[in-house]
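Novice: Sharing a model that was predicted from the sequence below.
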Amino acid sequence: MPNPSVTNPSVTTGPIAFGLIVIGDEVLNGERIDKHLPSFKQLLADRGHELAWYWMLPDEPDLLTRQLRASMAGEHPVFCCGGIGATPDDHTRACAAAAANLALERHPEAAALIEGRFGADAYPDRILMAELPAGSALIPNPVNQVPGFAVGRHYFLPGFPQMAWPMATWVLDTHYGRAAGLNEQAVVVRGVPESRLIPLMRRLGEQYPEAKLFSLPHMGDDPHILLGFRGHCDLTAAMDALCAGLDQAGMAYEDRSLSRSMRA
């Protein structure tokens, strides 16, 4: 399961944007609350990476296959959580194979791990979790030894957070290097509607494309707008230009107390 862009995961690399897919009717219908999104954001941020997009999908084979085919054609590595068990509503293994145009076949090493964990009780049902897309690489599961699997840069994990998160940590630490931290600087603007900031934001966005400009309105007892930049670059020039633009427009602002690197 090598990542060709990373030859030594211990060294610092450029930031990588990942996708996250959470699969399960129980999440969509509200029986369970998804805990993966905040946790994966933190796992990635701790290593200087980021989440590019997030999908929540039902246990519906045709839809799963279409969406996986689309994400496999994209540029991002993707974590997929859920639907890799042995019950009849677990379709992710078969859909991953179909999306990648691969046969679904018994993986000898996965079968051995399942047999080692459950013995005779691996049959007739648990052994189905060893039916994987042909050529899959295994992802170790430290909780119950039933592995996840990888198809290219798509990493398929259980839906259970206590299993998925250490498995995702293994993927990141084994196959992806750490990146420089994501920096953030912002000012607090009060007494100005967001619409008045649009011309300045448009100009700054064109002038500093290497950084991401953001505007975050806050309502309530202390209405204000948090206006600033995020990026893996030096933000000094961009913030100087932002403050100069606010000064020129006569808009009052104050420095945000938290100008920070978002890397733990």
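Specialist: Noted; the coordinates are in hand. Numbering: from 1, shown residues only.

Novice: now M129: how far from D89?
Specialist: Distance, M129 to D89, using Cβ to Cβ, to the nearest Å: 14 Å. Bear in mind the C-beta positions are built from the backbone N, C-alpha and C, glycine included.

Novice: The two: which is more packed in?
Specialist: Higher neighbour count among M129 and D89: M129, with 23 against 13, using other Cβ atoms under 10 Å.

Novice: And the pLDDT for the more buried one?
Specialist: M129 carries a pLDDT value of 98.

Novice: Now L113. Nearest residue, chain neighbours left out?
Specialist: Spatial nearest neighbour of L113, chain neighbours left out: Q145 (5.2 Å); criterion: Cβ to Cβ, 6 or more residues apart in numbering.

Novice: In contact with that neighbour, which residues?
Specialist: 113-114, 116-117 (Cβ atoms under 8 Å, 6 or more residues apart in numbering).

Novice: quick one, strands of the stretch 1-150 of the chain?
Specialist: Secondary structure of the stretch 1-150 of the chain (DSSP state E, counting those that start in this stretch): strands at 12-13, 17-23, 50-57, 78-81, 104-106, 131-133, 137-139, 148-151.

Novice: try the stretch 151-264 of the chain
Specialist: Here the stretch 151-264 of the chain has its strands, by DSSP E, counting those that start in this stretch, at 154-157, 178-179, 183-189, 212-218, 224-231, 253-255, 260-261.

Novice: hmm, who's touching the first one?
Specialist: In this case it means strand 154-157. By Cβ under 8 Å, 6+ apart, strand 154-157 touches 68, 71-72, 77-81, 84, 92-93, 96, 139, 148-150, 163-164, 167-168, 171.

Novice: swap the cut-off to 7 Å and go again
Specialist: For strand 154-157, the external contacting residues (Cβ atoms under 7 Å, 6 or more residues apart in numbering) are 72, 78-81, 84, 92, 96, 139, 148-150, 164, 167-168, 171.

Novice: Going by distance to Q248, which of the residues you listed wins?
Specialist: Proximity of the contacts of strand 154-157 to Q248 (Cβ to Cβ) peaks at V78, which lies at 43.7 Å.

Novice: Contact partners for the closest one?
Specialist: Contact analysis of V78 by Cβ under 7 Å, 6+ apart lists 18-19, 21, 71, 153-154.

Novice: Max pairwise distance over the residues you listed: which two?
Specialist: Maximum pairwise distance in these, criterion Cβ to Cβ, is 12.9 Å, between I21 and R153.

Novice: Tell me where the model's unsure across the stretch 101-250 of the chain.
Specialist: Where the stretch 101-250 of the chain drops to pLDDT under 70, the residues are 180-181.

Novice: Helices of that one, start to end?
Specialist: For the stretch 101-250 of the chain, the helices defined by DSSP state H, counting those that start in this stretch occupy 108-118, 161-175, 198-207, 236-249.

Novice: Nearest to P58, out of these?
Specialist: Proximity to P58 (Cβ to Cβ) singles out helix 161-175 among the helices of the stretch 101-250 of the chain, at 18.3 Å.

Novice: Report all helices and strands that that closest one contacts.
Specialist: In terms of contacts (3 or more Cβ pairs under 7 Å, 6 or more residues apart in numbering; DSSP states H and E), helix 161-175 is packed against helix 36-45, strand 137-139, strand 154-157.
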